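*Asks:* Compute the structure for the input listed below.
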Amino acid sequence: MKHKKFTIRGQFSFVFILTMIFVLLLYWLTNTLYLGRYYLWNKENAIYNAYLQFNSAADEGVLNTDEFDVTWQRICSKYNISVIILDADSRTIKCSSNNAKFLVQQLRDCFFNTESIEKNQNPRIVKEENNYTMHIVTDPHVGTDYVEMWGVLDNGNLFLIRSPIESIQESVRISHKFLWYSGILVIIAGSLILGVLARRISRPILRLANISEKMKHLDFDAKYDGSGAAEIEVLGKNINELSETLEKTISELKTANNKLLQDIEKKEKIDERRREFLSNVSHELKTPIALIQGYAEGLKEGINDDAESREFYCDVIMDEASKMNVMVKKLLTLNQLESGSDVVTMERFDLITLVKNYLQSADILIRQSGGEVRLRAEEKAYVWADEFKVEEVFMNYFTNALNHLSGDKIIEVKIMQQEETVRLSVFNTGEPIPEESRPHLWEKFYKVDKARTREYGGSGIGLSIVKAIMDSFHQGYGVINYDNGVEFWMELEKAKDGSQTPEKGV
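*Replies:* Numbering: from 1, shown residues only. All right, here's what the predicted structure looks like:
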């Protein structure tokens, strides 16, 4: 089966890598745009929460207690802030930094020297209320940005809370760098894992594709042998059931189609036989009917009044009527054989006895022909066949030999036992059959010499009856030309001596 340019496995890998790259780019863009803002927002919240705790401690008067010192250190360390609290006289109440002078000066500048701050530190107001202000300033000495919150506590103390935000920006840069490194590693590792998983997933799909390809060419032997309850296994089971159903349906359709073709062929043969039968019967009956009509009209008109002429006319009419009667009987027999309505009764009998009995009954015909009959056979030759129909075949062969007897006028009947069959042949001396006529001998109403056939009263149906009978036996028959005559033969199924003689209808 030809695979497409992008296999399922390749498509899985392509989609995965593309998705991972898209996710990494989206994550990088989100970090670039919002991570710094998020860190800054968290820092502002942390400073504001610290302010609330310091303000509450000042109201309660616990700023300088040992218990609050622990909270003070924890808040300053956790949020990385520097804090200084002054009283109304600018005396330091509490400071978290060793450089208290700098913080005091920065707090004084926030209250009293705002122009210097605006000029040197470029403040950006974040939040401003009645008691405090939160802004972002840049330290002119080191170029570092700070978040500062300054104002007055509820008890009247001044405060400054300060935290650098350079660490936030550095964290964003580190996060971006780590994202790229980890992203590349994730794509490589994910591609390897996906390759294994895609191969495992695509293998049963490819098997199903191969099975469907074979089904397309009506090959239903391939079956999916996976197990489990996953969708692919369910699909495989359904394809197996579909394959069996299609095979059964196609088999039924082919059987029905074959039967239909046989019926059509049979109907065509019947129609052809009907047309042929009507044509041949019309042709064969035309002459005797014309003769009967002519001689009957002669009798009626009294063309010859003498008794001898009337007797001659009557003999012709009776002879032609007899021939017509014989021909109609043979046609009825042939019609039964060809239509399959005639029952073949298979029985065991001695073929030699049948031949001897017939020759004895035909002795007067043999003497009238002036011929010599020679029988070459053993004592017994048992066969399986329909005895009545075998006698019909032998009678046709023998009478045909009598009617065409010439030269030495010898008829030789031979019965030879072969390995599985018994062969019966009837040879008569005379003129060989023309080669162009041999293929047509078994056709209805075919006559090699029409004048001679009419002379002895033949109808051209006898060998057609032989063909129909031997076909019903499923045995061989035929004709052989010799320089001095013609031999007709047939073969019958051989039966062992002493076998029982059951009968069965075919």
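*Asks:* show me where the stretch 351-500 of the chain has strands.
*Replies:* Assignment of strands within the stretch 351-500 of the chain using DSSP state E, counting those that start in this stretch yields the ranges 372-376, 382-385, 410-417, 421-429, 477-482, 485-494.
*Asks:* what does the chain give?
*Replies:* Assigned strands in the chain, in chain order: 82-86, 92-95, 124-128, 132-138, 145-152, 158-164, 345-350, 372-376, 382-385, 410-417, 421-429, 477-482, 485-494, 504-505 (criterion: DSSP state E).
*Asks:* out of the ones you listed, nearest to L25?
*Replies:* Closest to L25 of the strands of the chain is strand 145-152 (C-beta to C-beta; 28.0 Å). No exception for glycine: its C-beta is placed from N, CA and C like everyone else's.
*Asks:* And Q417, how far from A381?
*Replies:* According to C-beta to C-beta, to the nearest Å, Q417 stands 6 Å off from A381.
*Asks:* of these two, who's got more company?
*Replies:* Taking other C-beta atoms under 10 Å, Q417 and A381 do not tie; A381 has more neighbours (23 against 16).
*Asks:* Identify the residues contacting the more buried one.
*Replies:* Shown here is A381, whose contacts under the criterion C-beta atoms under 8 Å, 6 or more residues apart in numbering are D350, L351, I352, I415, Q417, V422.
*Asks:* Over to S243?
*Replies:* Counting by C-beta under 8 Å, 6+ apart, S243 touches I211, M215, F220, A222, K223.
*Asks:* what's the longest helix in the protein?
*Replies:* If you go by DSSP state H, the chain has its longest helix at helix 231-301.
*Asks:* Backbone dihedrals for the residue of the chain positioned farthest from its centre, please?
*Replies:* In the chain, the residue that sits farthest from the middle, by C-alpha atoms, centre = their mean, is D89; the gap is 98.5 Å. For D89, the backbone dihedrals are phi -90, psi 10 (criterion: degrees, to the nearest 10).
*Asks:* Excluding chain neighbours, what is closest to I165?
*Replies:* Excluding the flanking residues, the one nearest I165 by C-beta to C-beta, 6 or more residues apart in numbering is D145, at 4.8 Å.
*Asks:* Next one, pLDDT for the one you found please.
*Replies:* If you check D145, the pLDDT there is 82.
*Asks:* measure it to I136 for me?
*Replies:* For D145, the distance to I136 equals 6 Å [C-beta to C-beta].
*Asks:* In contact with D386: list those residues for me.
*Replies:* Contacts here follow C-beta under 8 Å, 6+ apart; on that basis D386 touches V344, T345, M346, E347, I469, S472, F473.
*Asks:* how about 6 Å then?
*Replies:* For D386, the contact set (C-beta atoms under 6 Å, 6 or more residues apart in numbering) comprises V344, T345.
*Asks:* Could you do K43 as well?
*Replies:* Taking C-beta under 6 Å, 6+ apart, we find K43 in contact with V147, S163.
*Asks:* repeat that with 8 Å
*Replies:* Y79, V147, S163, I165, I168.
*Asks:* Same question for S97.
*Replies:* Going by C-beta under 8 Å, 6+ apart, S97 touches S82, V83, I84, L103.
*Asks:* Restricted to buried residues, select the residues you listed in ChimeraX.
*Replies:* Only the buried entries of these go into this ChimeraX selection, using 16 or more other C-beta atoms under 10 Å:
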select :82,83,84,103
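*Asks:* now, which of the contacts of K43 sits nearest K254?
*Replies:* Nearest to K254, judged by C-beta to C-beta, of the contacts of K43 is I168 at 79.8 Å.
*Asks:* Just the pLDDT for the residue lying closest to I187 once chain neighbours are set aside.
*Replies:* Spatial nearest neighbour of I187, excluding adjacent residues (C-beta to C-beta, 6+ apart): M20 at 4.9 Å. On pLDDT, M20 comes in at 78.
*Asks:* what's the spacing between M20 and K94?
*Replies:* Taken as C-beta to C-beta, the span from M20 to K94 is 52 Å.
*Asks:* cool, L206 as well?
*Replies:* For L206, the distance to K94 - C-beta to C-beta - is 75 Å.
*Asks:* where in the stretch 401-506 of the chain is pLDDT low?
*Replies:* The model of the stretch 401-506 of the chain has pLDDT under 70 over residues 445, 447-459, 497-506.
*Asks:* meant to ask about the stretch 1-150 of the chain
*Replies:* Applying pLDDT under 70 to the stretch 1-150 of the chain flags the ranges 1-9, 12, 113-122, 142.
*Asks:* Helices of that one, start to end?
*Replies:* Taking DSSP state H, counting those that start in this stretch, the helices of the stretch 1-150 of the chain run over residues 8-30, 36-60, 66-79, 100-112, 114-120.
*Asks:* Output those in JSON lines; the columns should cover distance to T245.
*Replies:* Compiled in JSON lines, those are given as follows (distance: least, C-beta to C-beta, whole Å):
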{"stretch": "helix 8-30", "distance to T245": "27"}
{"stretch": "helix 36-60", "distance to T245": "61"}
{"stretch": "helix 66-79", "distance to T245": "72"}
{"stretch": "helix 100-112", "distance to T245": "88"}
{"stretch": "helix 114-120", "distance to T245": "87"}
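*Asks:* Nearest to V373 among these would be which one?
*Replies:* Closest approach to V373 among those (C-beta to C-beta): helix 8-30, 86.3 Å.
*Asks:* now for that closest one, which elements pack on it?
*Replies:* Packing partners of helix 8-30 (3 or more C-beta pairs under 8 Å, 6 or more residues apart in numbering; DSSP states H and E): helix 166-216.
*Asks:* and the helix it packs on with helix 231-301, angle?
*Replies:* 20 degrees (axes from the mean of the first three to the mean of the last three C-alpha atoms, to 10 degrees).
*Asks:* What angle do strand 145-152 and helix 166-216 make with each other?
*Replies:* Computed by the same axes, to 10 degrees, the angle separating helix 166-216 from strand 145-152 equals 120 degrees.
*Asks:* I'd like to know the average pLDDT value across helix 166-216.
*Replies:* 74.
*Asks:* hang on, the earlier thing: mind listing the shared neighbours of D145 and I136?
*Replies:* Common contacts of D145 and I136 (C-beta under 8 Å, 6+ apart): I165.
*Asks:* any idea how far the closest residue to S472 other than its chain neighbours lies from G478?
*Replies:* Leaving aside its sequence neighbours, S472 sits nearest to V344 (C-beta to C-beta, 6+ apart; 5.1 Å). Note on V344: its distance to G478, by C-beta to C-beta, is 20 Å.
*Asks:* Of the two, give the one with the bigger neighbour count.
*Replies:* Using other C-beta under 10 Å, the more surrounded residue of V344 and G478 is V344, with 17 against 14.
*Asks:* Ramachandran angles for the more buried one?
*Replies:* Note on V344: backbone dihedrals following degrees, to the nearest 10 are phi -100, psi 120.
*Asks:* Beta-bridge partners for the closest residue to Y397 other than its chain neighbours, please?
*Replies:* Sequence neighbours aside, V426 is the residue nearest to Y397 in space, at 4.1 Å (criterion: C-beta to C-beta, 6+ apart). V426 forms beta bridges with V413, F488, as assigned by DSSP bridges.
*Asks:* My guess is V426 contacts I411. True?
*Replies:* Yes - between V426 and I411 there is a contact under C-beta atoms under 8 Å: 6.8 Å.
*Asks:* Understood, closing this out.
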